[in-house]
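1. sequence first, then the predicted structure:
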Number of protein chains: 2
Amino acid sequence: MESKGAATRALILETAMRLFQERGYGKTTMRAIAEAAGVSVGNAYYYFSSKEQLIQGFYDRLQQEHAEAARQVLANETDLARRLGGVLHAWLDVAEPYHQFAAQFFINAADPASPLSPFSEDSEASREASIRIHADAVHGAATKMDPQLLEVLPELAWLGNMGLCLFWVHDRSEGRTQSHKLVDRCVPVAARLIKMSRYPIAKTLIREVADVAVEFGITRRTGYTKPRSS
Amino acid sequence: MESKGAATRALILETAMRLFQERGYGKTTMRAIAEAAGVSVGNAYYYFSSKEQLIQGFYDRLQQEHAEAARQVLANETDLARRLGGVLHAWLDVAEPYHQFAAQFFINAADPASPLSPFSEDSEASREASIRIHADAVHGAATKMDPQLLEVLPELAWLGNMGLCLFWVHDRSEGRTQSHKLVDRCVPVAARLIKMSRYPIAKTLIREVADVAVEFGITRRTGYTKPRSS
DNA sequence: TCCATCAGTTGAACACGTTCAAGTCCCCGT
DNA sequence: ACGGGGACTTGAACGTGTTCAACTGATGGA
């Protein structure tokens, strides 16, 4: 049983999340978190190496909710565009309740040096799981496409999700309707491009873009070949 | 004559830059800057509202150097790809000496809430000047293209520069050769797409992408209609 | 039963960015 | 020559994230 430490850790995390929601990330002090949780400041640092690290737990939770929501959307859908769009809309729905306070640190997303970045090692597990959602969306579609594109498409779709996240963070529209509209406008274009990838004219260009992305480490060529067990 | 304050301001800025170069942004304290400059901490805050603001001056300087370098490149070149590439290579050359310490705060680029962001109001003048460089590159080319694309291309090119900046920040290769290679690989693809924009098949798709970008405020439709005076 | 060990816990102390009330200095009108 | 006012300057003090040497208490082996 490792319950003692785990319980304290969970208590601190829950308290931090609540205070972040109530007052915002910036205005929530480590002292306030410790006091509200009934522990000492040092104790919080025993479990979380920094204030930022308190956020990683939130990321994980969000990712899991997204995976679940995406599973339901993908269950009865074979159209590529609707699958890609469904996954993104699911993300927007899952993230919506956290918009106000999530925006305060999703900012770090673009900084690979930050442990909060989706590109950092600390987030590797969470990131891989997230890419797998997009891999499912791509693989489960009936659409035919260039096999070389298929290899990079899951990661590109995930990058698209990151881009959407960046837009979403600064989306002040009611209920994030702008973000939803953006998805509805972009996904068909992307789907059309993907379908075009089978035909010579587009294939050359698309492969070149994909090659460049791989060559410069912007994405990898692992198609996440549809294993799935659950 | 406003030399007294201006001199102090310049002194503080120069000192800060030097220390940032020597020790890095994070390890340079405001106290250290003040001490090295022979002024008080409060005095530094009289001229710069925060530590981050000390960076804005650096941005401005970099932008001016880039404008000058780009002007020379564009003077005797009419090929679109070489103009676009030339501007980007010029940026890489100008930025190279500052790579190590620039990387420490270019990070903020993705955060529109940060005053350091190229999207913030504080950087507006600098940003407009930078977009104009890309507008020159586009307008001065002999290449024909879809007029609707022309309207958004300068800002899209500037966004490409921002993307390059993001890549460059994390480019650990000697002399940033990877970044230069990336430019050489991407620019021809972009140029080909631009040329294709005159033909119906591509035009539809490209206009759709451009429309989405404008509609969602990712870019504007101001072509910066080639004024130029210098 | 006793004690050694070590995960868990403490809070004072540190270094930092930032603020501010209190100065000092210099220019200008009288 | 004087004095008022505003630009400029000061450094102590504040609140923050983070560290660390010391303490506590439970657990398990002799």
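-> Yep, it's here. Numbering: from 1, shown residues only, chains lettered A, B, ... in the order given.
2. going forward, measure contacts between C-alpha atoms and count neighbours the same way
-> OK.
3. spell out whether the host helix or strand of residue A:179 and chain B are in contact.
-> For residue A:179, the host element (DSSP states H and E) is helix A:177-196. Yes: for helix A:177-196, a contact with chain B is found by C-alpha under 8 Å from any C-alpha of the partner chain, at A:178, A:182, A:185, A:186, A:189.
4. min pLDDT across the residues you listed, which one?
-> Note: of the residues of helix A:177-196 next to chain B, the lowest pLDDT belongs to residue A:189, at 91.
5. tell me what the helix holding residue A:179 is packed against?
-> Applying 3 or more C-alpha pairs under 8 Å, 6 or more residues apart in numbering or on different chains; DSSP states H and E, one finds that helix A:177-196 contacts helix A:80-95, helix A:147-169, helix A:200-215, helix B:200-215.
6. next, the angle from the longest one to helix A:177-196.
-> Here helix A:147-169 points in a direction 170 degrees away from that of helix A:177-196 (axes from the mean of the first three to the mean of the last three C-alpha atoms, to 10 degrees).
7. please apply the same query to the third one.
-> Note on geometry: by the same axes, to 10 degrees, helix A:200-215 and helix A:177-196 are set 120 degrees apart in direction.
8. likewise the first one?
-> Going by the same axes, to 10 degrees, helix A:80-95 is angled at 150 degrees with respect to helix A:177-196.
9. and the contacts of helix A:80-95?
-> Contact with helix A:80-95 is made by A:62, A:65-66, A:69-70, A:73-74, A:77, A:133-134, A:137-138, A:141-143, A:157, A:161, A:176, A:179-180, A:183-184, A:187-188, A:190-191, as judged by C-alpha atoms under 8 Å, 6 or more residues apart in numbering or on different chains.
10. which of the residues you listed are buried, as a ChimeraX select command?
-> Remark: buried members of the contacts of helix A:80-95, expressed as a ChimeraX selection using 16 or more other C-alpha atoms under 10 Å in any protein chain shown:
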select /A:62,65,66,69,70,73,74,77,133,134,137,138,141,157,161,176,179,180,183,184,187,188,190,191
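11. ok, the residue nearest in space to the middle of chain A - contacts?
-> The C-alpha lying nearest the average C-alpha coordinate of chain A belongs to residue A:130 (C-alpha atoms, centre = their mean; 5.7 Å). Applying C-alpha under 8 Å, 6+ apart to residue A:130 gives the contacts A:63, A:67, A:158.
12. near DNA strand D, anything from the lowest-mean-pLDDT helix or strand in chain A?
-> Within chain A, no helix or strand scores below helix A:99-102, which has a mean of 78 by mean pLDDT, DSSP states H and E. No: Helix A:99-102 is not in contact with DNA strand D by C-alpha under 7 Å from any atom of the strand; minimum separation 14.6 Å.
13. mean confidence (pLDDT) on the helix or strand following that helix, please.
-> Going down the chain from helix A:99-102, the next helix or strand is helix A:124-139, by DSSP H and E. What helix A:124-139 shows for mean pLDDT is 91.
14. for helix A:124-139, list the C-alpha coordinates in PDB.
-> The C-alpha trace of helix A:124-139 is given here as PDB (Å, rounded to 0.1, in the frame of the first residue of the first chain):
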ATOM      1  CA  GLU A 124       5.400  11.800 -23.700                       C
ATOM      2  CA  ALA A 125       2.900   9.300 -22.500                       C
ATOM      3  CA  SER A 126       0.100  11.800 -22.800                       C
ATOM      4  CA  ARG A 127       1.200  12.900 -26.200                       C
ATOM      5  CA  GLU A 128       1.500   9.300 -27.600                       C
ATOM      6  CA  ALA A 129      -2.000   8.500 -26.400                       C
ATOM      7  CA  SER A 130      -3.300  11.700 -28.000                       C
ATOM      8  CA  ILE A 131      -1.600  10.900 -31.300                       C
ATOM      9  CA  ARG A 132      -3.200   7.400 -31.200                       C
ATOM     10  CA  ILE A 133      -6.600   9.000 -31.100                       C
ATOM     11  CA  HIS A 134      -5.900  10.700 -34.400                       C
ATOM     12  CA  ALA A 135      -4.400   7.500 -35.800                       C
ATOM     13  CA  ASP A 136      -7.600   5.800 -35.000                       C
ATOM     14  CA  ALA A 137      -9.600   8.500 -36.800                       C
ATOM     15  CA  VAL A 138      -7.400   8.100 -39.900                       C
ATOM     16  CA  HIS A 139      -7.200   4.300 -40.000                       C
END
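15. check contacts around residue A:221.
-> Residue A:221 makes contact with A:151, A:152, A:214, according to C-alpha under 8 Å, 6+ apart.
16. picking that back up, what's the ChimeraX line that selects buried ones from the contacts of residue A:130?
-> Buried members of the contacts of residue A:130 can be picked out in ChimeraX with the line below, counting by 16+ other C-alpha under 10 Å:
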select /A:63,67,158
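17. can you lay out the contacts of residue A:130 as CSV showing pLDDT?
-> Shown next, in CSV, are these (pLDDT from 0 to 100):
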residue, pLDDT
A:63, 89
A:67, 96
A:158, 93
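18. tell me which of the contacts of residue A:130 is nearest to chain B?
-> Set against chain B, the nearest of the contacts of residue A:130 by C-alpha to the nearest C-alpha is residue A:158 (17.2 Å).
19. so what's that closest one up against?
-> By C-alpha under 8 Å, 6+ apart, residue A:158 lies in contact with A:130, A:131, A:134.
20. how close does residue A:50 get to residue A:43?
-> Residue A:50 is 12 Å from residue A:43, where distance means C-alpha to C-alpha, to the nearest Å.
21. and stretch A:197-204, what's buried?
-> For stretch A:197-204, the neighbour count (16+ other C-alpha under 10 Å) marks A:197, A:198, A:202, A:203 as buried.
22. residue contacts, residue A:215?
-> Applying C-alpha under 8 Å, 6+ apart, no residues qualify as near residue A:215.
23. give me that answer again for 10 Å
-> Applying C-alpha atoms under 10 Å, 6 or more residues apart in numbering or on different chains to residue A:215 gives the contacts A:209, A:221, B:178, B:182.
24. cool, thanks, talk later.
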